[in-house]
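Undergrad: Need a 3D model of the sequence below.
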Amino acid sequence: MTLLDNVTLPELRPNNRYLLQWMQRSNHPGFRALDYGCGDGALVFHAREQGVDAYGAETYYDGARPEDLELLQKDD
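TA: Residues are numbered from 1 along each chain as shown. The predicted model follows:
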C-alpha cells in the first residue's frame, strides 16, 4: 500500500488528454516522459497507468501536502 492509494486525482484536462495519447503512441523500450510543472500529477499518474515510464517535477503546487508525497526511486 502506498500513500497514493487513497488519493483521487482530477480528470485530465483536454491538453493533457492529447499529451497522454502522444505518450502512448511514442511509448517504446527506453522511452521516458517528464512532465515538468506537473501540478497535481494527474498526467503522470494516468500515463503510468497506461504503462508509460513517466515522471513529474513540480517546484510549487498550492495543493501539495508533504504527507501526500512519496519519493519514487528507480534503479537504472
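
Undergrad: And the helices in this protein?
TA: Remark: helices assigned in the chain by DSSP state H are 14-26, 42-49.

Undergrad: Could you dump the ones you listed into CSV and include mean pLDDT, mean neighbour count and distance to Glu58?
TA: Backbone N, C-alpha and C define where each C-beta goes, glycine included. Putting these into CSV (pLDDT from 0 to 100; neighbours: other Cβ atoms under 10 Å; distance: least, Cβ to Cβ, whole Å) gives the following:
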stretch, mean pLDDT, mean neighbour count, distance to Glu58
helix 14-26, 89, 13, 14
helix 42-49, 90, 19, 10
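
Undergrad: Columns distance to Gly56 on top of the ones you listed, output as a markdown table?
TA: Converted to a markdown table, the helices of the chain look like this (distance: least, Cβ to Cβ, whole Å):
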| stretch | distance to Gly56 |
| --- | --- |
| helix 14-26 | 12 |
| helix 42-49 | 4 |
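
Undergrad: To Leu34, which of those lies closest?
TA: Smallest distance to Leu34 across the helices of the chain (Cβ to Cβ): 8.9 Å, for helix 42-49.

Undergrad: could you say what helices and strands the closest one packs with?
TA: Judged by 3 or more Cβ pairs under 8 Å, 6 or more residues apart in numbering; DSSP states H and E, helix 42-49 is in contact with helix 14-26, strand 33-36, strand 54-57.

Undergrad: among those, which is nearest Phe45?
TA: strand 54-57 (8.4 Å).

Undergrad: so Gly41 touches Glu58, yeah?
TA: Yes: A contact is recorded between Gly41 and Glu58 when judged using Cβ atoms under 8 Å, the distance being 7.4 Å.

Undergrad: which of those two has more neighbours?
TA: Counted by other Cβ atoms under 10 Å, Gly41 and Glu58 do not tie: Gly41 has more neighbours, with 24 against 15.
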